[in-house]
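# My questions concern the predicted model and sequence given below.
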Amino acid sequence: MRRYDHSLSEWTGICIRNEFQEDWRIGNKYIFGDSRRRRSARVIPPATEWSWQGPVVDHHIHLDKSGHGVEAAKAFKASGGTSILLVHKPDFSSLPLDGDGYRAAYSSTLEMADYVRKMVDIDVGVILGPHPVAWDHQADEIGIKAASEIHLEAVSIALEHVNERDAVGLGEVGRPHYAVSEERWSHANDLLLDVMKMAKEDGSAVQLHVEDNAEETCRSIDEIRSKSGLDRKKTVRHYAPANLSDTFRSKLPCTVSVGRGSIAQIIDSWNDGAAYWGMETDYLDDPRRPGAVLGPRTVPRRTKEFCDEWIRLGKKKQTLDELLHRVNRDWIESVYDWSPD
């Protein structure tokens, strides 16, 4: 941490450097990011007197031994984070071609989880499963039938880990988030139905990777879920927009990508409905895409922003405390049968 004397004297302040970005404190205000210019800086008002003292959970994050790995988890904790749901990330340059390949790939994710628990001392729930984009890529290479067989075998292996409680859920499964042929789309939905049926049989929660087609996406997913018999509360849409109205999301649980502007939308659309929600970064920990999708410090910072905005709007602190407890503990326990501490 050092003093920085900018040519504009009113910008004299404290620079707080970390591995991911530089933050600036100027008087009692904060600027997040590496901007030095008044026109592009994002000024954050000083903290309110009340702050959340409970758990802070990133509901969907990836960590990679070839990326920041445990250092990203340390940054999360240093910012106030307490628990993560660590989601398996496929290596698209070398996708598994059989069950043994998937067992080895899952083992790498489980080893990362153990290492984070040991080195960072945060709670880690693991989500394992084959990515729908991996299926689409393999369908091009080896055909839809063979790719689907590998995909379902990978689901079965992931569910073994869920049953053994090495993992707490299945994911990210789903369907391609980009345009594909009608035939490929039909096969993807048939495959997703089979995956949901398997999850239902094992009582597992699923995290879903799907397209962004507004309320139609959730309506369609809920229709497939209903056919499968999977409990709605265990059908979690990941990377969801910040619209929490029951109508928009068909009452499906979701984890919201909490980019800039998301907190105001969350508060505006939240009506104390029954459907669960949480905050996520979908941090990829990819050296080729540093900081994507959102950095590991984001959820703790958005939690603070949520508190500040809630109180600024004159809403009750007791209601805020209860809501954050539900978001960061109660709903997670209900969906995954796992308790973040």
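Cool, the structure landed.

# what are the ranges of the helices in this structure?
Remark: helices assigned in the chain by DSSP state H are 70-78, 99-120, 132-142, 144-163, 182-202, 214-228, 246-249, 262-269, 298-312, 317-325, 331-336.

# ok, and for the longest one, which residues are buried?
Going by neighbour count (16 or more other Cβ atoms under 10 Å), the buried part of helix 99-120 is Gly101, Tyr102, Ala105, Tyr106, Thr109, Leu110, Met112, Ala113, Tyr115, Val116, Val120. C-beta coordinates here come from the backbone N, C-alpha and C atoms, glycine included.

# which one is Asp321 nearest to, not counting chain neighbours?
Spatial nearest neighbour of Asp321, excluding adjacent residues (Cβ to Cβ, 6 or more residues apart in numbering): Trp52 at 7.3 Å.

# Just put the buried residues of helix 99-120 in JSON lines and tack on pLDDT and distance to Thr255.
Output for the buried residues of helix 99-120, formatted as JSON lines (pLDDT from 0 to 100; distance: Cβ to Cβ, whole Å):
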{"residue": "Gly101", "pLDDT": "98", "distance to Thr255": "28"}
{"residue": "Tyr102", "pLDDT": "98", "distance to Thr255": "24"}
{"residue": "Ala105", "pLDDT": "98", "distance to Thr255": "23"}
{"residue": "Tyr106", "pLDDT": "99", "distance to Thr255": "21"}
{"residue": "Thr109", "pLDDT": "98", "distance to Thr255": "18"}
{"residue": "Leu110", "pLDDT": "99", "distance to Thr255": "21"}
{"residue": "Met112", "pLDDT": "98", "distance to Thr255": "20"}
{"residue": "Ala113", "pLDDT": "98", "distance to Thr255": "18"}
{"residue": "Tyr115", "pLDDT": "98", "distance to Thr255": "24"}
{"residue": "Val116", "pLDDT": "98", "distance to Thr255": "19"}
{"residue": "Val120", "pLDDT": "98", "distance to Thr255": "21"}
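
# Tell me the one of these nearest Glu182?
Tyr102 (28.8 Å; Cβ to Cβ).

# Relative to Val180, which of the buried residues of helix 99-120 is nearest.
Using Cβ to Cβ, the buried residues of helix 99-120 come closest to Val180 at Tyr102, 23.0 Å.

# What is the most widely separated pair among the buried residues of helix 99-120?
Longest span within those, Cβ to Cβ: Gly101 and Val120, 28.7 Å.

# Give me the domain ranges for the protein.
Per automatic domain parsing, the structural domains of the chain span 1-46, 48-336.

# gap between the last one and the chain center?
Right, domain 48-336. 4 Å (Cα atoms, centre = their mean, to the nearest Å).

# Brilliant, that's me finished.
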